[in-house]
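**Student:** Have a look at this fold, sequence not included:
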Ligand code: T1G
């Protein structure tokens, strides 16, 4: 008997307990154990079988680590069919998260009970595939086509209460999953309940599947799995069960062979691996329960909101009572959003705003905090002044963090007597919504301060990425490069509107110029002025058309005009007629004869610039691994998740082709298109970025 499923006969009931921590994934030993357990129960003359999970959860799905490897042991659809076909009554008792193949095992049982906190779902589309063990055939027979399309194409988790109302569960009862499972099975036996095979239930009525398919495809913004999964639900309505299962298998294998499956599974494992650094193994973070935030503007208020929602107490320091009150207003506005979305209750809102949040205008108010995050004006002298004051006020061992988005954290640390306590915590606006946190480790930052940063990030629900010190750290440095590639294409003949459209067709929610309008064109203007003041390389291409747009007072959405004219609303995407004349004048001034770009060429250049800079960032050790760059771009810059990130995308495209493109582009502009040494090395050795991820452990 496989030890992944424990077998025990309790009276007439055979109990099968999953023992495969941490999530009872349905790996080969578990599937074999289930097959053996059902057979043994029948041999033992049991009257019923009760299946449940030991530890954190009922089965949380197939073992994703098996994908792409040769199949071993019984296939899950066969295990489900064997469970359902048993002449004994089979009951599943669920807790934790019964997801994917886990829910499919439960659906092949004859009765389903769960504890109130249990959640069920078919999240396969989130990793680029679809239910492949009967979920698209059994669920619609229980809850109908439309509700199945919602559950399956969103991959959302369904709470026990809703699952009961939908008809997925037969009963919800508090208690220990084993106990409530046994009690319910006994009750069914006493009542003489019959086996109840879902596959023998009638097919659900059909709907306009083609219209539903189009709607789901549109919403997926290029992601295939939700729409393909919907065709599985359609098969349940139109075909007998066995044919429907064959159709499900065909569609499942179609998705299993897509690049998007590789990209989404890379994202799944990488978002967990990115915050696990070998150097932090066994390092104790410093205890943090009270934090200080300096500066209550959009960023500071967002950071304070995120910390308050994570159960920390926050002292907000502003320069005047009025500014402090304005900060309180922003924080309460953010919390009001959480209240409206049901993330917090009214009582929690009051507790947070009346007790956990303290305002002060005096640095003394920070003398007892465990950690301070400074979010003041992005100006080095201003930040240095703040850190001198913190150095004199904060208690020994307090962590002193800067939220700077590009300034040199070593330089800031150097003005304190405790550089080992200084770190960068770069949040992304709005800080209580965006999941990315760049943890910028300066030369002298102590290892337990790094561990403290990661512990704080985890507590705030962030995806934390370790970054080294350079201009723009990981994300903004790479952004600056691919944005420059877009600007060069404008000078050479493409329009901002064509570039936005091409990149939105590639999968970005918004193209770079629409994003710039949203963030504010004055930000890019300030960066260009700073870089010119620092001294531009004479070989670097520069342009002034965007500065002229700002000089005319057009900062994007916040002023009503930027690349687009927002008088008809943001969605209308009406080009601002003042833009193209500025661009045409610039081309003439620079003696450029504009050329046509295909959308494909636009995407290729844009991505080549992104990949090349990403390879430099990894090669220089600013990012620990390629997956760190992938997670930064996914969680901070809207990179389409189904590609897995720019470096996963590059691996799938083929690094040799990308390097060849870069070398070709370098013939026109050798300064901008200098191939990354790491990219050249990988191509020469026939290795991939994923090889580096694996080598990093
Ligand atoms: N397979 C393999 N490993 C898994 C796994 C899985 N399904 N789920 C989690 N892990 C690992 C995870 O990588 C981490 O490892 C550890 O378990 C704890 O996970 C036929 C084909 C269940 C809600 O998509 O959503 O069924 O980092 O940190 O926050 O139709 O894990 O410790 O080494 O996420 O408590 C469908 C995916 C599969 C569920 C728990 N199922 N998992 O969250 O812990 S496809 C899923 C989750 C399928 C069938 C198809 C979450 C969780 P490590 P964790 P958590």
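**Tutor:** Arrived safely, thanks for sending. None of the values given here were measured: they were computed from a predicted structure.
**Student:** going forward, measure contacts and count neighbours with C-alpha atoms only.
**Tutor:** OK.
**Student:** Which parts of this structure belong to which domain?
**Tutor:** Following automatic domain parsing, one gets these domains for the chain: 5-257, 288-467, 474-493+595-697, 510-593.
**Student:** so where does residue 234 fall, helix or strand?
**Tutor:** helix 225-238 (DSSP states H and E).
**Student:** Report the contact partners of residue 553.
**Tutor:** By CA atoms under 8 Å, 6 or more residues apart in numbering, the residues touching residue 553 are residue 559.
**Student:** pLDDT value on it, please?
**Tutor:** Per-residue pLDDT puts residue 553 at 94.
**Student:** Just the helices from the stretch 301-450 of the chain, written as ranges.
**Tutor:** For the stretch 301-450 of the chain, applying DSSP state H, counting those that start in this stretch gives helices covering 321-340, 346-351, 380-393, 409-413, 447-459.
**Student:** Please work out the average pLDDT along the shortest one.
**Tutor:** So the one you mean is helix 409-413. 97.
**Student:** outside of it, which residues touch it?
**Tutor:** Helix 409-413 is contacted from outside by 380, 383-384, 387, 402, 419-420, 422-424, 440, 442-444, 469, using CA under 8 Å, 6+ apart.
**Student:** change it to 7 Å
**Tutor:** Residues from elsewhere that reach helix 409-413, judged by CA atoms under 7 Å, 6 or more residues apart in numbering: 384, 419, 422, 424, 442-443, 469.
**Student:** can you check the second one too?
**Tutor:** Outside of helix 346-351, the residues that reach it under the criterion CA under 7 Å, 6+ apart are 335, 339.
**Student:** Off-centre distance for it?
**Tutor:** Taking CA atoms, centre = their mean, to the nearest Å, one finds helix 346-351 lying 28 Å from the centre of the chain it belongs to.
**Student:** What of stretch 656-668?
**Tutor:** 31 Å.
**Student:** what does the chain have sitting close to the ligand?
**Tutor:** 22-23, 25, 60-65, 97, 99-101, 123-124, 131-133, 269, 272 (CA under 6 Å from any ligand atom).
**Student:** Pull out the buried members of those residues.
**Tutor:** Buried subset of those (neighbour count, 16 or more other CA atoms under 10 Å): 23, 25, 60-63, 97, 99-101, 123-124, 131-133.
**Student:** Buried residues of the helix or strand bottoming out on mean pLDDT in the chain, list them for me.
**Tutor:** Least confident helix or strand of the chain, by mean pLDDT, DSSP states H and E, is helix 521-534 with a mean of 88. For helix 521-534, burial by neighbour count (16+ other CA under 10 Å) applies to 521-522, 524-525, 528.
**Student:** how far does the helix holding residue 234 sit from the chain's center?
**Tutor:** Centroid separation for helix 225-238 versus its chain: 26 Å, with CA atoms, centre = their mean.
**Student:** List the buried residues in it.
**Tutor:** Those would be 225-237, for helix 225-238 by 16+ other CA under 10 Å.
**Student:** for residue 547, helix, strand, or coil?
**Tutor:** Three-state assignment for residue 547 (DSSP: H, G, I helix; E, B strand; the rest coil): helix.
**Student:** State the distance from the spatially closest residue to it that is not a sequence neighbour to the ligand.
**Tutor:** Leaving out its chain neighbours, the residue that sits closest to residue 547 by CA to CA, 6 or more residues apart in numbering is residue 525, at 6.2 Å. Applying CA to the nearest ligand atom, to the nearest Å, the value for residue 525 to the ligand is 41 Å.
**Student:** Same check on residue 290?
**Tutor:** Note on residue 290: its distance to the ligand, by CA to the nearest ligand atom, is 25 Å.
**Student:** which stretches of the stretch 1-150 of the chain aren't confidently modelled?
**Tutor:** 1 (pLDDT under 70).
**Student:** hang on, residue 196 packs against residue 108?
**Tutor:** No - counting by CA atoms under 7 Å, residue 196 does not reach residue 108; the two are 9.3 Å apart.
**Student:** Looking at those two, which has the bigger crowd around it?
**Tutor:** Neighbour totals were compared for residue 196 and residue 108, and residue 108 leads with 29 against 16 (other CA atoms under 10 Å).
**Student:** hang on, that one packs against residue 86?
**Tutor:** No - applying CA under 7 Å as the test, residue 108 and residue 86 come out as separate, 10.1 Å apart.
**Student:** thinking again about what came up before, for the helix holding residue 234, report the contacting residues that lie outside it.
**Tutor:** By CA under 7 Å, 6+ apart, helix 225-238 touches 125, 128-130, 136-137, 140, 145, 149, 153, 203-206, 209, 213, 216-217, 244, 247-248, 251, 255.
**Student:** Which of those fall within helices?
**Tutor:** 136-137, 140, 145, 149, 153, 209, 213, 216-217, 244, 247-248, 251, 255 (DSSP state H).
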